[in-house]
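S.K.: Build me a model:
(2 chains)
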Number of protein chains: 2
Amino acid sequence: MRILLTIAELRSARAELLGSDAAATLGLVPTMGALHEGHLALVRAAKERCRFVAVSIFVNPLQFGPSEDFSRYPRTFDQDCTLLLKEGVDLVFAPAAEEMVPAHATTFIEVGGIGDRLDGRSRPGHFRGVTTIVGKLFHVVAPHIAFFGQKDAAQVAVLRAMVRDLNFDLELVVCPTVRESDGLALSSRNRYLSAEERTHALALYRALQSVASMSAQERDAQVLQKHLRSCLESAEGVRVDYAEVVRPRTLEAITDTHGGALVAVAAWVGKTRLIDNILLLPGNTP
Amino acid sequence: MRILLTIAELRSARAELLGSDAAATLGLVPTMGALHEGHLALVRAAKERCRFVAVSIFVNPLQFGPSEDFSRYPRTFDQDCTLLLKEGVDLVFAPAAEEMVPAHATTFIEVGGIGDRLDGRSRPGHFRGVTTIVGKLFHVVAPHIAFFGQKDAAQVAVLRAMVRDLNFDLELVVCPTVRESDGLALSSRNRYLSAEERTHALALYRALQSVASMSAQERDAQVLQKHLRSCLESAEGVRVDYAEVVRPRTLEAITDTHGGALVAVAAWVGKTRLIDNILLLPGNTP
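M.R.: From the prediction side, this is the model:
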């Protein structure tokens, strides 16, 4: 496993790795480090689909708002590398902030509409930061397939739109959310939670599960959304940021769940903002 | 020479053309058609530097304002193809508007700062349209080198910033402005000019030449800029849009021309907006 700190190093390592074999495929798993089993599931999916796998570790300053947790976001680089080595990753790209976000850079990639919904509405500028840096990673690493987690459902919708609209020549693969045995979705931010907060955090998945059960009988999206919100509002130690039932690809409001739906929540548990979601499949007739 | 109308066709033609030869290089000359000797100079530069050459012909709706000349912009596709065939071009990519700008697309690439100066200030949204479509062309055609004309000096500055900031893996080559024997810069929009307007249009190059002469003695950018403007304002049949002496890479105002300068004008001649510019080289000491 090679660890590359600069764009130039990464490019030359990529060229050496793939050589002149036009059939060799490279998978990319973009991460912000603080790796957990959710990330490792992406790495394993990449190993299955691609001959070579690159993982980027970059805590992207552009996707954090001024009052958010950029400075205290967990950084566990040595542990991350140990985990990736065990998984048989080929390249780790871990650029410094100034390598990816030089002072003179003024260019952004922005997805209108989708990028202003869910987390994009709660965190202005967040998705512009995500798309700009992911676009740069795509240009630098030039993967054939890039792997993202369904846990970040809004991010997935925004990146799918970016790849389609700008004709990036790669495939996006989205892997299911990985959960603890009690249902808590894995997240690097779970480390922020006290024992009590961790118990409170289970309300997110419970609310989603309750909507899933209800959706077998009820297809009115507004009714489901109200139920979702009331589940969360009645839970202890949880403050709702958003609770929505929307179209998965566009994140737009829907009237019914006939064509499938994304049930997505963001909530504060103490000072930690957590997100989770489930997909209702199309044709979930009552 | 193959003419490809869709992204999928272009991609497969590119793959066939380059085959498995990792050393084969592809040059791209992006155009809006209505080709003239300026475009052909770019094609010849591409032929010299690259094994294969692609030319795109796409009148980009995103780079025209609502009151601009999108609908009447000259379209001379058959003539263009005849010219490109003679030059030995390999691929012509001529997508329909809906192929490049589908109704659902909401993603834009935008260069802040530089993109709001000169033409970006006069034509709000213009460079966002340029960068978004050129970014798409780069993803679709995947050239090793892309060729642009210095005539579009602000566009060149904006695209250089985009390529650098987003780490597009290609080289930009900028070729000198091609002029008629009397100095008029070649432009597809020259076709709009009446015989009388064409005479008036010579004022642009005369003003630039006058600044060039003056710059041998005078390095104060403000003095040169005032002279440029007064040359144009005293010319018959010309209405100034902008007349500036700026830093070539950033298009920012400068105090003196010691480090080199871009002398750029845009002016209306009748209903036709023309642009032209010259570069003052660094160290042009008095």
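S.K.: burial count for A:Asn167?
M.R.: 17 (other Cβ atoms under 10 Å in any protein chain shown). Any C-beta I mention is one placed from the backbone N, CA and C, and that applies to glycine too.
S.K.: Settle this for me: it is touching B:Ile7, isn't it.
M.R.: Yes - with contact defined as Cβ atoms under 8 Å, A:Asn167 counts as touching B:Ile7 (6.2 Å).
S.K.: pLDDT on stretch A:206-213, on average?
M.R.: Stretch A:206-213 shows a mean pLDDT of 98.
S.K.: List the buried residues of that stretch.
M.R.: By 16 or more other Cβ atoms under 10 Å in any protein chain shown, the buried positions in stretch A:206-213 come out as A:Ala207, A:Leu208, A:Ser210, A:Val211.
S.K.: anything in contact with each of A:Asn167 and B:Ile7?
M.R.: Common neighbours of A:Asn167 and B:Ile7, using Cβ atoms under 8 Å, 6 or more residues apart in numbering or on different chains, are B:Val140.
S.K.: after the longest helix anywhere in chain A comes which helix or strand?
M.R.: Taking DSSP state H as the criterion, chain A has its longest helix at helix A:195-215. Counting by DSSP states H and E, the next helix or strand C-terminal to helix A:195-215 is helix A:221-233.
S.K.: Would you mark the buried spots in that next one?
M.R.: Buried residues in helix A:221-233 (16+ other Cβ under 10 Å): A:Ala221, A:Val223, A:Leu224, A:Gln225, A:His227, A:Leu228, A:Arg229, A:Cys231, A:Leu232.
S.K.: Ok, stretch A:1-21 next?
M.R.: Result for stretch A:1-21 [16+ other Cβ under 10 Å]: buried residues A:Ile3, A:Leu4, A:Ile7, A:Glu9, A:Leu10, A:Arg11, A:Ala13, A:Arg14, A:Leu17, A:Leu18.
S.K.: And the fifth one, which helix or strand is it part of?
M.R.: Yep, that's A:Leu10 we're talking about. helix A:7-18.
S.K.: domains for chain A, by residue range?
M.R.: A:2-175, A:188-278 (automatic domain parsing).
S.K.: for those, which one sits closest to chain B?
M.R.: domain A:2-175 (3.6 Å; Cβ to the nearest Cβ).
S.K.: Quick check: mean pLDDT of stretch A:1-13?
M.R.: The model assigns stretch A:1-13 a mean pLDDT of 98.
S.K.: to the chain's geometric centre, what's the distance from that stretch?
M.R.: Taking the mean of its C-alpha atoms, stretch A:1-13 sits 24 Å from the chain's own mean (Cα atoms, centre = their mean, to the nearest Å).
S.K.: Quick check: end-to-end length of that stretch?
M.R.: End-to-end distance of stretch A:1-13 (Cα to Cα, to the nearest Å): 11 Å.
S.K.: all helices for chain A, in order.
M.R.: A:7-18, A:37-49, A:77-87, A:97-100, A:119-122, A:126-141, A:153-165, A:195-215, A:221-233.
S.K.: how near is the residue lying closest to A:His200 once chain neighbours are set aside to A:Ala195?
M.R.: Nearest non-adjacent residue to A:His200, counting by Cβ to Cβ, 6 or more residues apart in numbering or on different chains: A:Gly237, 3.3 Å away. A:Gly237 is 12 Å from A:Ala195, where distance means Cβ to Cβ, to the nearest Å.
S.K.: So these two - more neighbours on which side?
M.R.: Between A:Gly237 and A:Ala195, A:Gly237 has the larger neighbour count (other Cβ under 10 Å), namely 15 against 6.
S.K.: pLDDT score assigned to the more buried one?
M.R.: 98.
S.K.: Now the residue nearest the centre of chain A: closest residue in space, sequence neighbours ignored.
M.R.: By Cα atoms, centre = their mean, chain A has its centre lying nearest to A:Asp152, at 3.4 Å. Leaving aside its sequence neighbours, A:Asp152 sits nearest to A:Ile275 (Cβ to Cβ, 6+ apart; 7.2 Å).
S.K.: who's in contact with A:Thr76?
M.R.: Neighbours of A:Thr76 in contact, by Cβ under 8 Å, 6+ apart: A:Gly33, A:Ala34, A:Leu35.
S.K.: shaky segments in chain A?
M.R.: A:284-286 (pLDDT under 70).
S.K.: Quick check: residues of it near chain B?
M.R.: Proximity of chain A to chain B (Cβ under 8 Å from any Cβ of the partner chain) is limited to residues A:7, A:11, A:20, A:22, A:102, A:104-115, A:131-132, A:135-136, A:139-140, A:142, A:161-162, A:164-169.
S.K.: Make a PyMOL selection of whichever of the residues you listed turn out to be buried.
M.R.: Paste this into PyMOL to select the buried members of the residues of chain A next to chain B, with burial taken from 16+ other Cβ under 10 Å:
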select buried, chain A and resi 7+11+105+106+107+108+109+110+111+113+114+115+131+132+135+136+139+140+142+161+162+164+165+166+167+168
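S.K.: residues contacting A:Cys81?
M.R.: Per Cβ under 8 Å, 6+ apart, neighbours of A:Cys81: A:Met1, A:Ile3, A:Val92.
S.K.: so A:Arg44 touches A:Glu87, yeah?
M.R.: Yes - the criterion here is Cβ under 8 Å, and A:Arg44 meets it with A:Glu87 at 6.8 Å.
S.K.: ok, and the closest non-adjacent residue to A:Gly270?
M.R.: A:Glu197 (4.7 Å).
S.K.: correction: A:Glu99
M.R.: A:Thr6 (5.8 Å).
S.K.: One more: A:Val130?
M.R.: A:Gln63 (4.9 Å).
S.K.: Look up how far B:Val238 lies from the one you found.
M.R.: 48 Å.
S.K.: and if you look at A:Ser71?
M.R.: For A:Ser71 relative to B:Val238 (Cβ to Cβ), the value is 55 Å.
S.K.: again with A:Arg117
M.R.: Distance from A:Arg117 to B:Val238, by Cβ to Cβ: 48 Å.
S.K.: Not counting stretch A:198-211 itself, show me its contacts.
M.R.: Outside stretch A:198-211, the residues that reach it (Cβ under 8 Å, 6+ apart) are A:179, A:182-185, A:190, A:193, A:224, A:227-228, A:231-232, A:235-238, A:243, A:245, A:263, A:265, A:267, A:269-270, A:272, A:274, A:276-278.
S.K.: ok, now stretch A:96-107?
M.R.: So stretch A:96-107 is in contact with A:5-7, A:58-62, A:132-133, A:136, B:109-115, B:131, B:161-162, B:164-166, going by Cβ under 8 Å, 6+ apart.
S.K.: rerun at 6 Å
M.R.: A:Thr6, A:Pro61, B:Val111, B:Gly112, B:Gly113, B:Met162, B:Asp165, B:Leu166 (Cβ atoms under 6 Å, 6 or more residues apart in numbering or on different chains).
S.K.: related to what we said a few turns ago, C-alpha coordinates for the longest helix of chain A, PDB please?
M.R.: The C-alpha trace of helix A:195-215 is given here as PDB (Å, rounded to 0.1, in the frame of the first residue of the first chain):
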ATOM      1  CA  ALA A 195     -23.100   7.000  26.700                       C
ATOM      2  CA  GLU A 196     -26.400   8.800  27.400                       C
ATOM      3  CA  GLU A 197     -26.400  10.600  24.100                       C
ATOM      4  CA  ARG A 198     -25.700   7.300  22.300                       C
ATOM      5  CA  THR A 199     -28.900   5.900  23.800                       C
ATOM      6  CA  HIS A 200     -30.800   9.000  22.700                       C
ATOM      7  CA  ALA A 201     -29.400   8.700  19.200                       C
ATOM      8  CA  LEU A 202     -31.200   5.400  18.700                       C
ATOM      9  CA  ALA A 203     -34.400   7.500  18.300                       C
ATOM     10  CA  LEU A 204     -33.400   8.200  14.700                       C
ATOM     11  CA  TYR A 205     -33.400   4.600  13.500                       C
ATOM     12  CA  ARG A 206     -36.500   3.900  15.600                       C
ATOM     13  CA  ALA A 207     -38.400   6.700  13.900                       C
ATOM     14  CA  LEU A 208     -37.300   5.500  10.500                       C
ATOM     15  CA  GLN A 209     -38.400   1.900  11.300                       C
ATOM     16  CA  SER A 210     -41.700   3.200  12.500                       C
ATOM     17  CA  VAL A 211     -42.200   5.000   9.200                       C
ATOM     18  CA  ALA A 212     -41.200   1.800   7.300                       C
ATOM     19  CA  SER A 213     -43.900  -0.200   9.200                       C
ATOM     20  CA  MET A 214     -46.500   2.400   8.700                       C
ATOM     21  CA  SER A 215     -45.600   2.700   4.900                       C
END
